[in-house]
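J.: take a look and give me a structure for this.
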Amino acid sequence: MNETHVLYVLDLSLDYPRAQPAAGVVMRRGELGDARLLEQLETVSPTEARRRVEDGNYLNLVLEGPRLLHCSFTFTRGMPSLAAAAGEFPLPADTRCLEDGVTAADSRGTGIGPQCITFIIDGLKAEGVRWVVVKVAVDNISSRRHIEKGGFEEMARLRHERWGRRSHSSLRPTDESAPHCLAVALAPELRRGRVRERGLATRRRAH
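T.: Down below sits the predicted model:
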């Protein structure tokens, strides 16, 4: 495994581009009973969706009648990542993370995704959130363009490698701007060869 993600951040204390909602669609936060709707899209299972909501995270939905056009999750306490030693990076109290955005195939390119992001960040700003973080695969050029058009700035590059029992992660901040401070806060939580270190310690004891 060898993957690199770009971490983007949006400062909600500043003005940001806003997409107007389309007529005929409903955008709202989902409840536990809405998890079954995710069967309509290629995303996480309803069981996983319920677990996330029960953990205090938000399920974001865009609906046209009973049909699900788009969904995503807002993580309130941690950003899931294989690069994190504990499986997720803990987030500061004023920070949220958007993950797993999926749009129905026939709705892509219609602006549904950006409209949902506007709905989400408007709600988070009203709750007093300052920063919103998004993690995008470095080779997902289309998603990266959408995120950048939405006012998000590149904060850092996050890389995770694993070969056999060995793994290593690294985080490289983009520059010395304010979002850089958030990237530095994530650095101590990186997975830094812990699988390999446990293996070496076991071999030393054996000798």
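J.: list the contacts of the residue nearest the centre of the chain.
T.: Here the mean C-alpha position of the chain is nearest to the C-alpha of residue 99 (CA atoms, centre = their mean), at a distance of 2.9 Å. Contact analysis of residue 99 by CB atoms under 8 Å, 6 or more residues apart in numbering lists 72, 73, 75, 79, 80, 134, 135. C-betas here are computed from N, CA, C, even on glycine.
J.: helix or strand with the lowest mean pLDDT in this protein?
T.: helix 194-206 (a mean of 31; mean pLDDT, DSSP states H and E).
J.: that older thread, now the contacts of residue 99 in JSON lines, with secondary structure and pLDDT?
T.: Compiled in JSON lines, those are given as follows (DSSP: H, G, I helix; E, B strand; the rest coil; pLDDT from 0 to 100):
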{"residue": "72", "secondary structure": "strand", "pLDDT": "96"}
{"residue": "73", "secondary structure": "strand", "pLDDT": "98"}
{"residue": "75", "secondary structure": "strand", "pLDDT": "97"}
{"residue": "79", "secondary structure": "strand", "pLDDT": "92"}
{"residue": "80", "secondary structure": "strand", "pLDDT": "91"}
{"residue": "134", "secondary structure": "strand", "pLDDT": "95"}
{"residue": "135", "secondary structure": "strand", "pLDDT": "94"}
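J.: the residue nearest to the centre of the chain pairs with what?
T.: Note on residue 99: beta-bridge partners by DSSP bridges are residue 73.
J.: now do residue 2
T.: According to DSSP bridges, the partner residues bridging residue 2 are residue 161.
J.: biggest helix in the protein, by residue count?
T.: Longest helix of the chain, by residue count under DSSP state H: helix 112-126.
J.: pull the distance from that one to the chain's centre.
T.: Taking the mean of its C-alpha atoms, helix 112-126 sits 14 Å from the chain's own mean (CA atoms, centre = their mean, to the nearest Å).
J.: do the same with stretch 69-79
T.: Here the centre of mass of C-alpha atoms in stretch 69-79, compared against the chain's by CA atoms, centre = their mean, lies 6 Å away.
J.: same question, stretch 19-32
T.: 19 Å.
J.: A strand includes residue 39, no?
T.: No - checked against DSSP: H, G, I helix; E, B strand; the rest coil, residue 39 lies outside a strand; its state is helix.
J.: that one touches residue 49, doesn't it?
T.: No - the criterion here is CB atoms under 8 Å, and residue 39 misses it with residue 49 at 9.9 Å.
J.: which of those two has more neighbours?
T.: More neighbours surround residue 49 than the other of residue 39 and residue 49, with 24 against 12 (other CB atoms under 10 Å).
J.: no further queries at this time; thank you.
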